[in-house]
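Engineer: Please work out how this folds:
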Amino acid sequence: MERDLKMLVEAGYDKIAQRYLAWGKMADSPRGRYLQQILDRLPAEAAEVLDLGCGAGVPCVETLALHAHVTGVDISAAQIALARQHVPEATFRQADMMALDFPWQL
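Structural biologist: As a prediction, the model looks like this:
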C-alpha cells in the first residue's frame, strides 16, 4: 500500500513537471520568501544544502547553488531531469526522501 502511494506521487509529479516548473518561476511566491530566509542564514563559506523535494531546481536550487553546494532529491525522474538541465553544477538524486541514507560528517 505504501509503495503504491509513493508510485502515485512519483507518477503525478512526472506528469505535471513542466507546469510545476512554470509555477516555481512565479514572482512573490511563499517559496521565494522562504528561500530568502535560507540565504540570510547561510554561512559565508563552504555551505552545504540538502533540498528534499527539489522539483525542477528552479528557483531554489538554482539560487542556492550561487552560494552553496546543493544536493537536490526528488522522487520524480522527470523533475530530476529538469533540475539537471537547469542547475548542472548541483548534485541531484532521484530517491524517496524517506528512505535516504547519507554518510554524516560531524
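Engineer: next structured bit after the helix or strand of the chain with the lowest mean pLDDT?
Structural biologist: One helix or strand of the chain scores below all others by mean pLDDT, DSSP states H and E: helix 17-24, with a mean of 71. Once the chain leaves helix 17-24, the next helix or strand it forms, by DSSP states H and E, is helix 30-41.
Engineer: What lies in contact with that next one?
Structural biologist: Residues outside helix 30-41 that contact it (C-beta atoms under 8 Å, 6 or more residues apart in numbering): 24, 49, 59-60, 63-64, 67. Where you see a C-beta, it was placed from the backbone N, CA and C, and this is true even at glycine.
Engineer: Tabulate those residues in CSV, adding columns for distance to residue 42.
Structural biologist: Shown next, in CSV, are the contacts of helix 30-41 (distance: C-beta to C-beta, whole Å):
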residue, distance to residue 42
24, 20
49, 8
59, 15
60, 13
63, 11
64, 8
67, 5
